[in-house]
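**Student:** dropping the sequence and predicted coords here.
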Amino acid sequence: MRLLPPFLLMLALAAPAQASDDGPLEVTQRTMHWQGATESGSDAWYRDNWAKGSIVMPYVTSSRKDVAARINDELYMGLIGIPAPSAAGANFELTIPADDSALVGTSSLEFELARDDEHIFSVAVTQEGCGAYCENYTTHYHFDATTGRPFAAAEVITSAGKKDIVKRMDREALGQYRKMLKTLQADLALQLKTGKPSQPGGSVDDTRDRIELNEHCLQEVLERQQDSSRNLDEDFRYLAMAIPDDKGVSFRHERCSNHASRALDDVGDVNLPVPNAQLRGMLTDYGRFLFFGGDRPREALDPFGVFLHGRIGQSPIALRIAVEKGSQQVSAVYYYDKYRRPIALTGTADGDRFTLTTSKTDKDAETFELVRHGSTLAGQWHKGNALQPVSVGP
């Protein structure tokens, strides 16, 4: 790695100004403005829906502009594949080709604000996605309201808490499947006795199919419980966490049925509510700060998986690096504030040193050589003979 001269390195390591803590996070809705050409084929119908305003995104504004920008970029890059608009407005444009966006196969998108206070900003995004079949699914996005940094359940729940939640989820699922089986078996007995379906459009065969599915789902949970090699921390990763308000959280285990048998799945997703009285003892130090306030933990923030803002030379940029645990391979995306077009990067990690490059030809390739310093990254960017200092941070 070529190192910067000392005076440039000092410039690159200059800390960004701290955001003010005053001012609420305010949320408005923005509709994607779509005037793409009328198309034929498998994707024409959902893009027609786009033209009718079916893609509606949240947009955060605040006196803490860096916090709002970090939340907006995380949502727009994750859901659409573009940097968020730089200013408020009623609409936004899809600034990349439709086939390169994250919206391929998405007919509609809408959101609901879940929690928005001085501690946590949480939003639930519901999309209708279509492949062989169409279905709605909801994804929950959670942010530290004081920094705009996204956080996941694994960051705020202790290892013991994760194990407890997984075991409780198993018990909740068993209870729901057993209750449903009891209801279905009673329905079947009544149908066989009277010759009449218990539900409009039902039949003996339909009820038997439902019983078979629920017996299968019940058996899956029992086998998980009995698996001596089971990694409960790993299983926790597959539970989705919702934060509906300031009174607690809930965890969701996806339904047991596959798409083709979904119509027979009377239980569906299994939800486990965890009120604050139970949650408090399951939280890490950072989790207690987020959910209940108090002093922020002193450990340095991880600079990965979040948009960092800074400069290449004198040009303002945003950079997000994703590091896969246990791997030296990393991926990233960055954009210039002026142009707001995402540029993909791939590369490698060697301890706290990162080399990232675009996928262009050697002649046109851009390369970042960065070193981590706590929650910031600094180093250099070069393209051909051009060389500039880089510094990004929270």
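**Tutor:** Received, thanks.

**Student:** can you list the weak-confidence ranges in the stretch 251-394 of the chain?
**Tutor:** Filtered on pLDDT under 70, the stretch 251-394 of the chain yields the residue ranges 299-301, 325-326, 360-361.

**Student:** break down it into its strands, ranges please.
**Tutor:** Counting by DSSP state E, counting those that start in this stretch, the stretch 251-394 of the chain has strands at residues 270-275, 308-312, 315-323, 329-336, 343-350, 353-357, 367-373, 376-383, 386-393.

**Student:** contacts for the fifth one next, please.
**Tutor:** Where contact means C-beta atoms under 8 Å, 6 or more residues apart in numbering, the residues beyond strand 343-350 that reach it are 323, 328-335, 354-359, 366, 368. Bear in mind the C-beta positions are built from the backbone N, C-alpha and C, glycine included.

**Student:** circling back to that earlier point, which among the strands of the stretch 251-394 of the chain is found nearest to residue 68?
**Tutor:** strand 308-312 (11.8 Å; C-beta to C-beta).

**Student:** close enough to count as contact, residue 204 and residue 190?
**Tutor:** No - between residue 204 and residue 190 there is no contact under C-beta atoms under 8 Å: 10.4 Å.

**Student:** just to revisit the earlier point, which of the contacts of strand 343-350 are buried?
**Tutor:** Buried subset of those (neighbour count, 16 or more other C-beta atoms under 10 Å): 323, 330, 332-335, 354-358, 366, 368.

**Student:** okay, the residues you listed in CSV with distance to residue 104 next?
**Tutor:** Output for the buried ones among the contacts of strand 343-350, formatted as CSV (distance: C-beta to C-beta, whole Å):
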residue, distance to residue 104
323, 26
330, 25
332, 22
333, 17
334, 23
335, 21
354, 30
355, 31
356, 26
357, 26
358, 23
366, 26
368, 28
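
**Student:** out of the residues you listed, who's nearest residue 77?
**Tutor:** Comparing the buried ones among the contacts of strand 343-350 against residue 77 with C-beta to C-beta picks out residue 333 as the nearest, at 6.8 Å.

**Student:** residues contacting the closest residue to that closest one other than its chain neighbours?
**Tutor:** In this structure, residue 333 finds its nearest non-sequential neighbour in residue 342, 5.0 Å apart by C-beta to C-beta, 6 or more residues apart in numbering. Contact analysis of residue 342 by C-beta under 8 Å, 6+ apart lists 77, 81-83, 96, 333-335.

**Student:** which one of those residues sits closest to residue 143?
**Tutor:** Of all the contacts of residue 342, the one with the least separation from residue 143 (C-beta to C-beta) is residue 77, at 13.8 Å.

**Student:** the closest one - how many residues pack around it?
**Tutor:** Neighbour count for residue 77, taken as other C-beta atoms under 10 Å: 19.

**Student:** my read: it touches residue 334, true?
**Tutor:** No - using C-beta under 8 Å as the test, residue 77 is too far from residue 334 to be in contact (10.7 Å).

**Student:** which residues do those two both contact?
**Tutor:** 320, 342.

**Student:** can you spell out which helices and strands pack onto the lengthiest helix in the chain?
**Tutor:** For the chain, the longest helix by residue count, based on DSSP state H, is helix 159-194. Applying 3 or more C-beta pairs under 8 Å, 6 or more residues apart in numbering; DSSP states H and E, one finds that helix 159-194 contacts helix 204-226, helix 232-236, strand 248-253, strand 270-275.

**Student:** redo these as TSV? Include distance to residue 118.
**Tutor:** Supplementary listing: those in TSV, determined by distance: least, C-beta to C-beta, whole Å:
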stretch	distance to residue 118
helix 204-226	39
helix 232-236	28
strand 248-253	18
strand 270-275	21
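
**Student:** just say which of those is most tucked in.
**Tutor:** Scoring the helices and strands packed on helix 159-194 by mean neighbour count under mean count of other C-beta atoms under 10 Å gives strand 248-253 as the most buried, with a mean of 20.

**Student:** what stretches of the stretch 1-150 of the chain score poorly on pLDDT?
**Tutor:** 1-23, 37-43, 131-132.

**Student:** show me the contacts for residue 89.
**Tutor:** Residues near residue 89 by C-beta under 8 Å, 6+ apart: residue 30.

**Student:** make a markdown table from the strands of the stretch 251-394 of the chain and add distance to residue 33 to it.
**Tutor:** Shown next, in a markdown table, are the strands of the stretch 251-394 of the chain (distance: least, C-beta to C-beta, whole Å):
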| stretch | distance to residue 33 |
| --- | --- |
| strand 270-275 | 36 |
| strand 308-312 | 26 |
| strand 315-323 | 23 |
| strand 329-336 | 20 |
| strand 343-350 | 23 |
| strand 353-357 | 32 |
| strand 367-373 | 33 |
| strand 376-383 | 33 |
| strand 386-393 | 30 |
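
**Student:** so which of those strands gets nearest residue 91?
**Tutor:** Using C-beta to C-beta, the strands of the stretch 251-394 of the chain put strand 329-336 closest to residue 91, at 19.9 Å.

**Student:** which strands or helices does the closest one pack on?
**Tutor:** strand 315-323, strand 343-350, strand 353-357.

**Student:** tell me what angle it forms with strand 386-393.
**Tutor:** Orientation check (axes from the mean of the first three to the mean of the last three C-alpha atoms, to 10 degrees): strand 329-336 against strand 386-393 gives 100 degrees.

**Student:** report the distance from strand 329-336 to the chain centre.
**Tutor:** 17 Å (C-alpha atoms, centre = their mean, to the nearest Å).
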